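Asks: fold the following, please.
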Amino acid sequence: MSITVIGDRGIGKTSMVVALAKHGTKHVHIVNNPEYIVTRRLNIEENRIAGTAQMTQETLLVNIELASGTRQMQVLWIDTPGEAFSNRDWKTNYPNAWSDIQTQISESRAIILLLPPHRDMIAAPNLDQRTIPNELPTARAWINRFESWLNFFKQNCSPVEHILICIHRADTFCDIKQEGKKWSYQQSKTSLFYEYNTHIRKTYFTNVEKQIRDHNNSNTNLQFFITTTDNPQLLELPWIYIGAYLTNT
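Replies: Residues are numbered from 1 along each chain as shown. The predicted structure follows:
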């Protein structure tokens, strides 16, 4: 199956998967050459994840510990350059590459979209050198971008079974220890994702509730998450969701 990770430039698409490869979580592990995945995408001189310049595909073997036992997914991870989505000139300058990206996305079983928080969400005490507030979108710009993503899904993703929208860098806007503890995956709790999705949507997506309702009325229902590489319980939830819903289909 193919899973595509998309989002604008610099949001952390590659870092999300590298974190799973480097450390894993309690329930999610990449088991085929995780060290190689990390090495290929690490800028050694700057000790940071290198940006994705072009669409890359890599087969990952992902073990997920579910209530029914360990499931292994063979995932075609498609990593995409953020400029492809946020820079109109990129699409014009690289029409063939953009066409390839559209094709791969439309053929995916699941899509993980990473969004940044907007400025009104962040809490100053939570910030470190990784986050520059003025580089984050305003609330109005964030809503506009969210609407453009919904239009993108309508145009390109009608065959996709699962679309997961994550506000990434949750460490900048909430108590990740508290949220991680409250929503850590419990194999005995069958209603976890319904309750979690409702909580995340009502807590962090209130400014786009109307747009979500309108979209869900006629398109693939969206699922909502908050993620950060600083908290393994939150980081693993989108992947557990995908594993739970796709391994038997």
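Asks: skipping its backbone neighbours, what lies nearest Ala131 in space?
Replies: Let me fix one detail, which is that residue 131 is Thr and not Ala. Thr172 (5.4 Å; Cβ to Cβ, 6 or more residues apart in numbering). The way it works is simple: take the backbone N, C-alpha and C, and place the C-beta from them, glycine included.
Asks: can you check Ile200 too?
Replies: Phe224 (4.3 Å).
Asks: quick one: Ser15 and Thr228 touch, right?
Replies: No: counting by Cβ atoms under 8 Å, Ser15 does not reach Thr228; the two are 10.1 Å apart.
Asks: excluding chain neighbours, what is closest to Ile165?
Replies: Ile165 sits nearest to Leu113 (Cβ to Cβ, 6+ apart), 4.9 Å away.
Asks: host element of the one you found?
Replies: Using DSSP states H and E, Leu113 sits in strand 110-115.
Asks: distance from the chain centre to that strand, please.
Replies: Mean-position distance between strand 110-115 and its chain equals 4 Å (Cα atoms, centre = their mean, to the nearest Å).
Asks: mind saving the C-alpha coords of the longest helix along the chain as PDB?
Replies: In the chain, taking DSSP state H as the definition, the longest helix is helix 139-156. Only the C-alpha atoms of helix 139-156 are listed here, as PDB (Å, rounded to 0.1, in the frame of the first residue of the first chain):
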ATOM      1  CA  ALA A 139      -5.000  32.700  11.800                       C
ATOM      2  CA  ARG A 140      -6.600  34.100   8.700                       C
ATOM      3  CA  ALA A 141      -3.800  32.800   6.400                       C
ATOM      4  CA  TRP A 142      -4.000  29.400   8.100                       C
ATOM      5  CA  ILE A 143      -7.800  29.200   7.400                       C
ATOM      6  CA  ASN A 144      -7.200  30.200   3.700                       C
ATOM      7  CA  ARG A 145      -4.500  27.600   3.400                       C
ATOM      8  CA  PHE A 146      -6.700  25.000   5.000                       C
ATOM      9  CA  GLU A 147      -9.500  25.800   2.500                       C
ATOM     10  CA  SER A 148      -7.000  25.400  -0.400                       C
ATOM     11  CA  TRP A 149      -6.000  22.000   0.900                       C
ATOM     12  CA  LEU A 150      -9.600  20.900   0.900                       C
ATOM     13  CA  ASN A 151      -9.900  22.000  -2.700                       C
ATOM     14  CA  PHE A 152      -6.800  20.000  -3.500                       C
ATOM     15  CA  PHE A 153      -8.400  16.900  -1.900                       C
ATOM     16  CA  LYS A 154     -11.600  17.400  -3.900                       C
ATOM     17  CA  GLN A 155      -9.700  17.700  -7.100                       C
ATOM     18  CA  ASN A 156      -7.100  15.000  -6.600                       C
END
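Asks: so the nearest residue to Glu147 once chain neighbours are set aside is in which element?
Replies: Once flanking residues are discounted, Glu147 sits nearest to Gln211: 5.8 Å by Cβ to Cβ, 6+ apart. Gln211 is part of helix 209-216 when elements are defined by DSSP H and E.
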